[in-house]
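Visitor: output the structure for:
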Amino acid sequence: MGGELADARLWAGELEALHERFVHRFSRTEPRESALAYMRGLVAPLERKNGWTLAGEAGHGGPDRIHRLLNRIDWEADEVLGDVREYVVEQLGDADAVLIVDDTGFLKKGVRSAGVQRQYSGTAGRTENSQIGVFLAYAGNRGRTLIDRRLYLPASWTDDRERCRAAGIADTVGFETKVVMAKVMVRRAIADRIPFRWVTADAAYGFSKGWRTELERADVFHVMATTRHDTVVTRWAIDHPVHDLFPGLPRQKWKRRSCGDSAHGPRVYDWARVEVRPWHREDRQHWVIARRSVRRPEEISYYIAYCPAGTTLDELIRIAGSRWAVEECFQSAKQECGLDDYQVRRYDGWHRHMTLAMAAHACLTVLRARETDTGKAETDPPSSCPSRCPNSDA
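Guide: A predicted model of the protein is given here:
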């Protein structure tokens, strides 16, 4: 009981500290208090986290204050998210971090929620009536969390301005592909000077030659999944299919490696790479990487990498495997921070809920990182030589 009370106080204190960073974004007392109450409710052990249950957790007589916070009171969710990103950088910033782009689905009923339609949802693994959110995750040495989000609006919505207006979508918001949304979020991370070294994404995003070219021109290192039908420039041909690069490769070129752990153990595959684009600058290299299933060798996935010269295959495998960190973020944010528990239909309301849920998840991630740091400090043997002393190996 004492441990649970200490944990609750720890959560409350950290949420309040994070809330203080963006409390000035609200012009009145009510939304300031409601935003903190909302985040507290999102991390509370509630079976469902909707307007009624969150209001009850906050001691409100009904959900009106929660609904006003998400739908009617004027505040800029992007500004709050910027404050949350600053918190993430201060607490988890890592110059070797990876930015990961992915989308996730939110199953919905009816036709009035912004962006909802029957579309493929990776969450469900099939076509369902759903909303799709595109997210940017930040994965560093001390933890991973979500730092940006955009609601995808299908053309069936943006072509119907009356329907858009009814859902609070301004006439200035037009159709954007998910790749365009990904570009905007990574550009924002660069403009905000978020410390990172790599970008990665699955084939739905990595197949875009235009985006890979943009990243390369900005000298942003990346390992992007792509499809077997993608093409690259090689010494032998222009637009050479990536799947043709590996059948004749000597057996010793394939290396069996794990690209990270899953719930069922290490993700072990056979990996190989072929260098392409021979006229690159001397301090950079381009690779096509193949990942082959150990049990079903006919199943091969492909990646295209732009990286510093001399980058090892093991490092590129690590970056490719880091993409699963965003799935872990989705899972924990949905299970522990109510990312998918919302009852809003309007466009702004979706972004506001996601912003506060992501703030709660960032808080959770920071607290766990501190707990890990404390555990390491307690188990590491004392050293008579500081890690940065002249005779140390650091």
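
Visitor: do I have it right that V268 meets S258?
Guide: Yes: contact criterion Cβ atoms under 8 Å: V268 and S258 qualify, at 4.9 Å. C-betas here are computed from N, CA, C, even on glycine.

Visitor: which strand or helix spans the residue nearest to the spatial centre of the chain?
Guide: Using Cα atoms, centre = their mean, the residue of the chain that lies closest to the mean C-alpha position is A137, 2.2 Å off. Take DSSP states H and E as the rule and A137 turns out to sit in strand 126-140.

Visitor: could you do W157 as well?
Guide: Per DSSP H and E: helix 155-158 holds W157.

Visitor: that older thread, so what strands line up beside the strand holding A137?
Guide: strand 98-107 (antiparallel), strand 117-121 (antiparallel), strand 143-151 (antiparallel) (DSSP bridges).

Visitor: just how off-centre is that strand within its chain?
Guide: 9 Å (Cα atoms, centre = their mean, to the nearest Å).

Visitor: show me the shaky parts of the stretch 151-300 of the chain.
Guide: Within the stretch 151-300 of the chain, the segments meeting pLDDT under 70 span 262-264.

Visitor: picking that back up, same question for the strand holding A137: list its buried residues.
Guide: Neighbour-count burial for strand 126-140 flags 128-140 (criterion: 16 or more other Cβ atoms under 10 Å).

Visitor: CA atoms of that strand as CSV?
Guide: Extracted as CSV, the C-alpha positions of strand 126-140 are listed here (Å, rounded to 0.1, in the frame of the first residue of the first chain):
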residue,chain,number,x,y,z
ARG,A,126,-8.2,-5.4,-42.1
THR,A,127,-10.5,-2.7,-43.6
GLU,A,128,-12.7,-1.2,-41.0
ASN,A,129,-14.6,2.0,-40.2
SER,A,130,-11.8,3.9,-38.6
GLN,A,131,-9.7,7.1,-38.3
ILE,A,132,-6.0,6.9,-39.1
GLY,A,133,-3.4,9.0,-37.3
VAL,A,134,0.2,9.5,-38.5
PHE,A,135,2.7,9.7,-35.7
LEU,A,136,6.4,10.5,-35.1
ALA,A,137,8.1,8.6,-32.4
TYR,A,138,11.4,9.5,-30.7
ALA,A,139,13.6,6.6,-29.7
GLY,A,140,16.7,7.3,-27.7
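
Visitor: wait, T231 sits on H243?
Guide: No: counting by Cβ under 8 Å, T231 does not reach H243; the two are 9.9 Å apart.

Visitor: tell me the confidence at the residue nearest to the centre of the chain?
Guide: A137 is assigned a pLDDT of 98 by the prediction.

Visitor: thought it was touching D103?
Guide: No: using Cβ under 8 Å, A137 is not in contact with D103, being 11.4 Å away.

Visitor: hmm, back to that, and the residue nearest to the centre of the chain, how far is that from R318?
Guide: 16 Å (Cβ to Cβ, to the nearest Å).

Visitor: could I get the contacting residues of the residue lying closest to L36 once chain neighbours are set aside?
Guide: Once flanking residues are discounted, L36 sits nearest to H19: 4.7 Å by Cβ to Cβ, 6 or more residues apart in numbering. Listed by Cβ atoms under 8 Å, 6 or more residues apart in numbering, the contact set of H19 reads A35, L36, M39.

Visitor: could I get the contacting residues of A290?
Guide: By Cβ under 8 Å, 6+ apart, the neighbours of A290 are L245, F246, W271, A272, R273, I300, S301, Y302.

Visitor: neighbour-wise, which one of those leads?
Guide: With neighbours taken as other Cβ atoms under 10 Å, the top of those is Y302, carrying 24 neighbours.

Visitor: what is the neighbour count of D202?
Guide: Neighbours around D202, by other Cβ under 10 Å: 18.

Visitor: and R291, what element?
Guide: Counting by DSSP H and E, R291 is part of strand 284-293.

Visitor: ok, and for that strand, which residues are buried?
Guide: In strand 284-293, the ones that count as buried by 16+ other Cβ under 10 Å are Q285, H286, W287, V288, I289, A290, R291, R292.

Visitor: for beta bridges, what are the partners of the residue nearest to the centre of the chain?
Guide: I100, L146.

Visitor: any idea how far it lies from A182?
Guide: Using Cβ to Cβ, we find A137 at a distance of 12 Å from A182.

Visitor: overlap in contacts of these two?
Guide: V101.

Visitor: I'd say E30 and R65 touch.
Guide: Yes: with contact defined as Cβ under 8 Å, E30 counts as touching R65 (6.6 Å).

Visitor: so between those two, which is more surrounded?
Guide: Taking neighbours as other Cβ under 10 Å, E30 and R65 compare with R65 leading, 20 against 13.

Visitor: for my notes, confirm the more buried one occurs in a strand.
Guide: No: applying DSSP: H, G, I helix; E, B strand; the rest coil, one finds R65 to be helix, outside a strand.

Visitor: nearest spatial neighbour of it, skipping sequence neighbours?
Guide: S34 (5.0 Å).

Visitor: ditto for D192
Guide: Using Cβ to Cβ, 6+ apart, the closest residue to D192 is R85 (6.4 Å).

Visitor: the one you found and A191: what is the separation?
Guide: In terms of Cβ to Cβ, R85 sits 11 Å off from A191.
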